[in-house]
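Chemist: Dropping a prediction and its sequence here:
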Number of protein chains: 2
Amino acid sequence: MSNPTHDPFYSSPFGPFYRRHSPYMVQPEYRIYEMNKRLQTRTEESDSLWWDAFATEFFEEDATLTLSFCLEDGPKRYTIGRTLIPRYFSTVFEGGVTELHYILKHSKESFHNSCITLDCDQCTMVTQHGKPMFTKVCTEGRLILEFAFDDLMRIKTWHFTIRQYRELIPRSILAMHAQDPQVLEQLSKNITRMGLTNFTLNYLRLCVILEPMQELMSRHKTYNLSPRDCLKTCLFQKWQRMVAPPAGHPQNFKTEIFPTNHKKGIFIFSLTPCHCLLGLYTVYYG
Amino acid sequence: MSNPTHDPFYSSPFGPFYRRHSPYMVQPEYRIYEMNKRLQTRTEESDSLWWDAFATEFFEEDATLTLSFCLEDGPKRYTIGRTLIPRYFSTVFEGGVTELHYILKHSKESFHNSCITLDCDQCTMVTQHGKPMFTKVCTEGRLILEFAFDDLMRIKTWHFTIRQYRELIPRSILAMHAQDPQVLEQLSKNITRMGLTNFTLNYLRLCVILEPMQELMSRHKTYNLSPRDCLKTCLFQKWQRMVAPPAGHPQNFKTEIFPTNHKKGIFIFSLTPCHCLLGLYTVYYG
């Protein structure tokens, strides 16, 4: 075998070697059922390893997750890459959620060459919050998922566009406090924004600012260079690739050199490397 | 072939001919996922034929459904037979529910010779009510299901023991009416009893009283006999079977002659046949 990645002894179980391009036994929606089941097994002890395994089970190596919604100050759209997906799901729980599952109604499937698209216009993300009192939050919107068309059938892209949300409280609490205007006022205040906790919203904001700096972080981890040297070598390599782009990957060239959001690019380079690493540390380890 | 039921031209797709005794591809809990999906396809136009097809898809010919719960006046336990199961599910919606699904957490499975038992101590029946205002009712309890161990994998017994229920209302409604004590009082009143609407509760009560009279109803439908003649021929056949039980079915003998609940038996025979048929008509056609 000329290509070493085709040797089963050297390839990961999630690598291309083990994949057969056969249709999955069940419909792609079943994967969301499986994801819900996996989320049920989460406990207070589920650490970053648990969330990494979760993401590996359901998301491709190059997966992206996008959330679109409107806040008081206008429409928002956050896209995060694969490395930040585990932490996205864990922030949901860190923000006070005790249960999370997705309900898909009347979803449509379409098959293409190498992927399956699941388009669900009536998706509800249901979260249960224990504090300050029992609350169920139903966040409704359109979920569009792109799955790899193979045995693993993992998600390539996750796009959830939130339309509306509803916070539900037990009638019994109302019955207990109907005479107390102060408690009533407290009860009538939402604990999420568009169904998301501030914890998750802050994480998404941080991700979008800091994701372009991931290369620095990985360089720091791998070579144990100082933040300043990480930035230096990183810029040098980018310059090298600009001067002589590697053969066969012309499409990577553009995206790496010119971030789609120019503001972000400028922002990164106006920070000191220490700031960058501090920011990334916050994203990775909270 | 000596046995005509083994001829594929004469047997139903749900008969024994088409069944292979092989393990089902997926776990039995997946059947509840499928049931939830089927319930999603219900519309305002879903008639008794739709509910019959629903019950045929998920319940064996001789299935029973039992609900146990405590009301203000003590513990209740209702068991209904296969013919009354379609209507049980439809009464849920007739009682004002717009959505129904079951969530199973940490269920356990055990395999026996000819059936699979699914024991779920954390089952939630979720119903959504539109009137008088949006309400989500979460009815929690233990669901024990017995499935036939074949390709159809249908339910033989359904036993749901309700532990508690929670009626949830949107926080936004509370926010709107926080100043109005009358509306608040209305808002704090439950619309179900142990998660069940009065519509369903009445149906269960009727079923238990009227189920032993089903034979009369089917005789009336099949032979177009008068109610009085139905009762006559029915009693005559019962007497015949008492005197000379048919070979090979000794176990049917006892249950047909002596209803397990003696009170019910006495009640039936103290009603006139017209009363019986009127009662059954109510159960079947509402």
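Modeler: Alright, I've got the coordinates.

Chemist: Would you map the strands across the stretch 51-200 of chain A?
Modeler: Secondary structure of the stretch 51-200 of chain A (DSSP state E, counting those that start in this stretch): strands at A:59-71, A:74-81, A:97-105, A:108-111, A:115-129, A:135-148, A:155-170.

Chemist: Quick check: buried residues in the second one?
Modeler: In this case it means strand A:74-81. Within strand A:74-81, the residues that count as buried by 16 or more other C-beta atoms under 10 Å in any protein chain shown are A:76, A:78-80. For every residue, glycine as well, the C-beta is placed using N, CA and C.

Chemist: Out of those residues, which comes closest to residue A:58?
Modeler: Using C-beta to C-beta, residue A:80 is the member of the buried residues of strand A:74-81 that lies nearest residue A:58, at 14.7 Å.

Chemist: Give me the pLDDT for the residue nearest to the closest one when sequence neighbours are not counted.
Modeler: Excluding the flanking residues, the one nearest residue A:80 by C-beta to C-beta, 6 or more residues apart in numbering or on different chains is residue A:207, at 4.6 Å. Here the pLDDT value assigned to residue A:207 is 89.

Chemist: Residue A:207: neighbour count?
Modeler: For residue A:207, the neighbour count with other C-beta atoms under 10 Å in any protein chain shown is 22.

Chemist: Confirm that it sits in a strand.
Modeler: No - using DSSP: H, G, I helix; E, B strand; the rest coil, the secondary structure at residue A:207 is helix, not a strand.

Chemist: What separation is there between residue A:41 and chain B?
Modeler: As for residue A:41, its distance to chain B is 8 Å (criterion: C-beta to the nearest C-beta, to the nearest Å).

Chemist: meant to ask about residue A:66
Modeler: 26 Å.

Chemist: Looks like residue A:135 contacts residue A:128 (just checking).
Modeler: Yes - using C-beta atoms under 8 Å, residue A:135 makes contact with residue A:128 at a distance of 7.4 Å.

Chemist: State the pLDDT value of residue A:40.
Modeler: Model confidence at residue A:40, given as pLDDT, is 96.

Chemist: Contacts only, for it.
Modeler: By C-beta atoms under 8 Å, 6 or more residues apart in numbering or on different chains, residue A:40 lies in contact with A:99, A:101, B:105-106.

Chemist: Could you save those as a markdown table and add columns showing distance to residue B:166 and neighbour count?
Modeler: Listed next are these as a markdown table, based on distance: C-beta to C-beta, whole Å; neighbours: other C-beta atoms under 10 Å in any protein chain shown:
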| residue | distance to residue B:166 | neighbour count |
| --- | --- | --- |
| A:99 | 13 | 18 |
| A:101 | 17 | 18 |
| B:105 | 15 | 16 |
| B:106 | 19 | 12 |
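
Chemist: Let me have those in JSON lines, adding distance to residue B:84 and pLDDT as columns.
Modeler: Supplementary listing: these in JSON lines, determined by distance: C-beta to C-beta, whole Å; pLDDT from 0 to 100:
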{"residue": "A:99", "distance to residue B:84": "34", "pLDDT": "97"}
{"residue": "A:101", "distance to residue B:84": "32", "pLDDT": "98"}
{"residue": "B:105", "distance to residue B:84": "29", "pLDDT": "96"}
{"residue": "B:106", "distance to residue B:84": "31", "pLDDT": "93"}
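
Chemist: Run through the helices of chain A in chain order.
Modeler: Using DSSP state H, the helices of chain A run over A:29-40, A:48-58, A:85-94, A:171-177, A:181-187, A:198-210, A:214-223, A:227-243, A:250-257, A:262-270, A:273-285.

Chemist: other SSEs contacting the longest one?
Modeler: With contacts defined as 3 or more C-beta pairs under 8 Å, 6 or more residues apart in numbering or on different chains; DSSP states H and E, the packing partners of helix A:227-243 are helix A:214-223, helix A:250-257, helix A:273-285.

Chemist: Those: lowest mean pLDDT?
Modeler: Among those, helix A:250-257 scores lowest, at a mean of 37.

Chemist: how far away is the spatially most distant residue from the centre of chain A from residue B:133?
Modeler: Residue farthest from the centre of chain A, counting by C-alpha atoms, centre = their mean, is residue A:179 at 43.1 Å. Residue A:179 sits 21 Å away from residue B:133, going by C-beta to C-beta, to the nearest Å.

Chemist: That'll do, ta.
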